[in-house]
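Asker: Here's a sequence, model it:
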Amino acid sequence: MGRAGWSSQGEVFLVCSVILERGGGCGHLHWYPRTAGIMTVTYTARVANARFGGFYKLLLLWRGSIYKLLYKEFLAFFILYTGLSITYRFLLTEDQRRCFEKVSLYCNKYATLIPVSFVLGFYVTLVVNRWWNQYLCMPFPDRVMCAISATVHGSDERGRMYRRTLMRYCSMSGLLILRSVSTAAFKRFPTIDHVVEAGFMTRHERKKFENLHSSYNKYWVPCVWFCSLAAQARSEGRIKDDHAYKMLIEELNKFRGQCSMLFHYDWISVPLVYTQVVTIAVYSYFLTCLIGRQFLDPSQGYSGHDLDLYVPVFTLLQFFFYAGWLKVAEQLINPFGEDDDDFETNFLIDRNFQVSCGVRWEYGDCPSLCEGTANWNDWTTATVHCSHPIPEAPALLPRIYL
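Answerer: Numbers count the residues shown, from 1 in each chain. A predicted model of the protein is given here:
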């Protein structure tokens, strides 16, 4: 019995029976509910229909919100601003106040020279595009599963073991790359022993894996085993022709390419100088605003300082937007952490493993053909109320000249 457990209490446990002596086939998956919070924040059901106040309700969410990310920096900025304001109003002498007012006017005049929106806009666009491209590289073995189910034949035990082992090698490769780039996956599988206990790798395979001495990431090794096993299945005639064999290897290469791209994204980060420039631009701008946006004595007649409002509402809003914009980039620059909106790598590992265990075993046997069971009517009695007029081509509609 192998167990793919989680290192922290209260998380999901995936228990699977593993046939280690006969090639590593998988048994049934038993799922236990997770009590810890899910990382990805999904709200699409809340905005399924456009209605009054649809987006306003999203502003009340806390998990994954900008409030949760920014409230500490926001409070620090407000406390510093208030401290400077109290110092200016009550602790400085008259001459010191005049000097402070000159510095404040100077900072307010030249703070606009810092191109905050320009730098932030390009940076966040780069990070968001990189974030989405990383999601597109997440390794899903579904296409490989369909290719194996269609090309590797045989209803005997050896045929089933071929299909299960091929899919297990595919999932093993995905697991090895995910535990390399994701902190959540690495906490769950900190060593190869945990990979063996979870049923992704047999003890014999672990010995071969560890005997391959390399200082580089070895996520590609199961793909090599996959190719060797597929060639063996082709020589035994379980893969009928070379075209099917070629298609199977091509699907594996696409899967391996996704794993490789995840490794490259983890290796090649956004240039550090770019991140430093953006961070310095944002924080230096608001450090300047701490002095430049102070409400000065209206009796001095300074331009733009006719009112003494005490609370800098629009400066706080500007901090919320710009610093929040920077927090968006900070959240998305590495989506393989454990933040609220990071990718669910452990869910993906469990899901891929379940797909691997079901190839031509639970899901692959198609239902028998039955005559007369299909309903060929356009609408059934239960759904006729959902009918709608078919849209016509605009060129065929009668023209109305105004």
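
Asker: List phi and psi for the residue nearest the centre of the chain.
Answerer: Nearest to the geometric centre of the chain sits residue 343, at 3.0 Å (Cα atoms, centre = their mean). Backbone torsions for residue 343, taken as degrees, to the nearest 10, come to phi -70, psi 140.

Asker: quick thing: my sequence starts at 55, can you match it?
Answerer: Sure, I'll start counting at 55 from here, so that last one is residue 397.

Asker: do you know how far it is from residue 329?
Answerer: Going from residue 397 to residue 329 by Cβ to Cβ, to the nearest Å gives 21 Å. C-beta coordinates here come from the backbone N, C-alpha and C atoms, glycine included.

Asker: on that earlier part again, to what extent is the nearest residue to the residue nearest to the centre of the chain once chain neighbours are set aside buried, counted in neighbours?
Answerer: Of all residues not flanking residue 397 in the chain, residue 389 sits nearest, at 4.9 Å (Cβ to Cβ, 6 or more residues apart in numbering). Other residues within reach of residue 389, judged by other Cβ atoms under 10 Å, total 23.

Asker: Give the helix, strand or coil label for the residue nearest to residue 155 when sequence neighbours are not counted.
Answerer: In this structure, residue 155 finds its nearest non-sequential neighbour in residue 350, 5.1 Å apart by Cβ to Cβ, 6+ apart. Recorded secondary structure, residue 350: coil (DSSP: H, G, I helix; E, B strand; the rest coil).

Asker: Just to check, residue 350 is in contact with residue 356?
Answerer: Yes - contact status for residue 350 versus residue 356: in contact at 5.4 Å, counting by Cβ atoms under 8 Å.

Asker: What residues sit buried inside stretch 392-404?
Answerer: The neighbour-count check on stretch 392-404 (16 or more other Cβ atoms under 10 Å) flags 393, 394, 395, 396, 397, 399, 400, 402, 403, 404 as buried.

Asker: Got the phi and psi for residue 206?
Answerer: phi -90, psi 110.

Asker: That one: neighbouring residues, count only.
Answerer: Neighbour number of residue 206 under other Cβ under 10 Å is 25.

Asker: what's the model's confidence in the helix or strand containing residue 276, averaged?
Answerer: Here residue 276, judged by DSSP states H and E, is contained in helix 275-289. The average of the pLDDT scores along helix 275-289 is 96.

Asker: before we move on, what about stretch 359-372?
Answerer: 91.

Asker: Endpoints of it, how far apart?
Answerer: End-to-end span of stretch 359-372 (Cα to Cα, to the nearest Å): 19 Å.

Asker: Could you pull out the buried residues of that stretch?
Answerer: Buried residues in stretch 359-372 (16+ other Cβ under 10 Å): 359, 366, 369, 370, 372.

Asker: Residue 238 contacts residue 399, doesn't it?
Answerer: Yes - between residue 238 and residue 399 there is a contact under Cβ under 8 Å: 5.5 Å.

Asker: Overlap of the contact sets of the two?
Answerer: residue 390 (Cβ atoms under 8 Å, 6 or more residues apart in numbering).

Asker: From the contact counts, what lies against the one helix or strand residue 340 maps to?
Answerer: Using DSSP H and E, the element containing residue 340 is helix 326-346. Counting contacts by 3 or more Cβ pairs under 8 Å, 6 or more residues apart in numbering; DSSP states H and E, helix 326-346 packs against helix 120-140, helix 148-164, helix 170-190, helix 367-386.

Asker: got a list of what residue 95 touches?
Answerer: 115, 117, 118, 394, 395.
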